Every structure is written in C-alpha cells, then in structure tokens.
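> fold the stuff below for me.
(one chain, ligands or ions: 1)
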Amino acid sequence: MTSTATARVMTVEDDPIVRADLRLVLEDAGFGVCAGARDGIEAVDLARLHAPDVIVLDLGLPLLDGVEATRRILSERDVPIIALTGRSSSLATEAIEAGAVTVLRKPFGEHELVDTVTTALASHTQKLRNESRTALATVLGLVGYPETWAEDLERRAYESGRLWRQVS
Ligand code: CA
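Residues are numbered from 1 along each chain as shown. Predicted coordinates for the structure are as follows:
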C-alpha cells in the first residue's frame, strides 16, 4: 500500500437497489468498494476473503442476522463495522454490544454515510497506530533499547505506508 491507497469498503445489504446505491455513494466519495455481500453468511465469507478496511452492514439480513454476522466477522479480524438499521433501538444496542463502532439509522443522507465511514476509518487507523507503538515499545524494552524509540519507528512505518491512512 502507498500513501495514495484507497480505503476498501465492503457493503452488506440484501436489497439490490440499496446495495447499488451504497456502492455509488461510496465510490463517488473516493472509496473503493471491494465486495457487496447479500446476506449474513456471505458477509462473513467475503470479509474473510477481502479483508476490507471498513464494513457497512445492514442489520436486517437473510440467512444470518446482522448482529450475529458482526460478531462472527469481529471474532476473526478487527475491522470497523458501521451498522445500518431502520428498525428498533434494541437492535442498534445489540449491534454495538456485538462490536459495531456505530449505528446509522435509515433513512440517512449521503454525507452522513460518507462522514461516518471516514470517521470510523480515521479512529481505527489511530487505534492501530497506538497498538503498534505499544507493541514496538514492548519489543524494544525486551531487547534493551529505549522504549522512546517506538514513537519514531512507528511514525516511519506509518509514513512508508505500512499502515493505511486517509487520502487527503
Ligand atoms: Ca435489509
């Protein structure tokens, strides 16, 4: 990945019109849509196959509901999941409990979707940076180097594009 890498989004939505709409809005905003899952089972499979940077997932899905799909995807890999719902608040709460970073209520505007995806990616990137810095400090401490070097090493790794960053 380079500094100009496009963030890869996976959408999960059973309604083909809404699915196409999500793709259009996200691509217009400069994101790459790497996969569009149609049900909960496919969501888990495609998340594993494509390793997207972020997932936009409708909670009302056939075969496997969105809350359970969220749980399964996150048990395999840490990825920000934005849950979409037009339904009860209890479902939104369940999604957050399952690990979704946020819930967008339908109907939502294009800007709201794009802003939410951008924010989720930015927070996740920051979280990864903090984690990699902590891990580096631990390793440096173990081999006897000053742990303060971690900050510098992590920054250089980030700048060389080993961690995804937002296209400015
Ligand atoms: Ca649906």
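> what's next to stretch 95-105, contact-wise?
With contact meaning CB atoms under 8 Å, 6 or more residues apart in numbering, stretch 95-105 is reached by 57, 59, 66-68, 70-71, 74, 80-86, 92, 112-113, 116, 120, 123-124. Yep, even glycine has a C-beta here, placed from its N, CA and C like the rest.
> let's check: the centremost residue of the chain is which one?
Closest to where the C-alpha atoms of the chain average out (CA atoms, centre = their mean) is V54, at 2.2 Å.
> which ones are touching it?
Here V54 is in contact with 7-10, 79-82, 117, 120-121, 124 (CB under 8 Å, 6+ apart).
> restricted to helices, list those.
Those of those mapping onto helices are 117, 120-121, 124, per DSSP state H.
> redo those residues as CSV? Include distance to V18, pLDDT and neighbour count.
Shown next, in CSV, are the ones in helices among the contacts of V54 (distance: CB to CB, whole Å; pLDDT from 0 to 100; neighbours: other CB atoms under 10 Å):
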residue, distance to V18, pLDDT, neighbour count
V117, 15, 95, 25
A120, 19, 94, 23
L121, 21, 93, 21
H124, 24, 90, 18
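> tell me which helix or strand the residue of the chain found nearest the ion sits in.
Nearest residue of the chain to the ion (CB to the ion) works out as G60 at 3.8 Å. G60 belongs to no helix or strand when assigned by DSSP states H and E.
> and it, what pLDDT?
G60 carries a pLDDT score of 93 in this model.
> can you pull the residues of this protein lying near the ion?
14, 58, 60 (CB under 5 Å from the ion).
> quick one: the strands in the protein, in order.
8-12, 32-37, 54-58, 81-85, 102-105 (DSSP state E).
> what helices or strands is the second one leaning on?
Meaning strand 32-37. strand 8-12, helix 16-28, helix 40-50 (3 or more CB pairs under 8 Å, 6 or more residues apart in numbering; DSSP states H and E).
> what do you get for the first one?
Applying 3+ CB pairs under 8 Å, 6+ apart, we find strand 8-12 packed against helix 16-28, strand 32-37, helix 40-50, strand 54-58.
> so where's the chain shaky on pLDDT?
Scanning the chain for pLDDT under 70 picks out 1-5, 87-88, 161-168.
> who's sitting farthest from the centroid in it?
The chain, farthest from centre, CA atoms, centre = their mean: G144 at 35.5 Å.
> which residues are in contact with that residue?
Contacts of G144 by CB under 8 Å, 6+ apart: none found.
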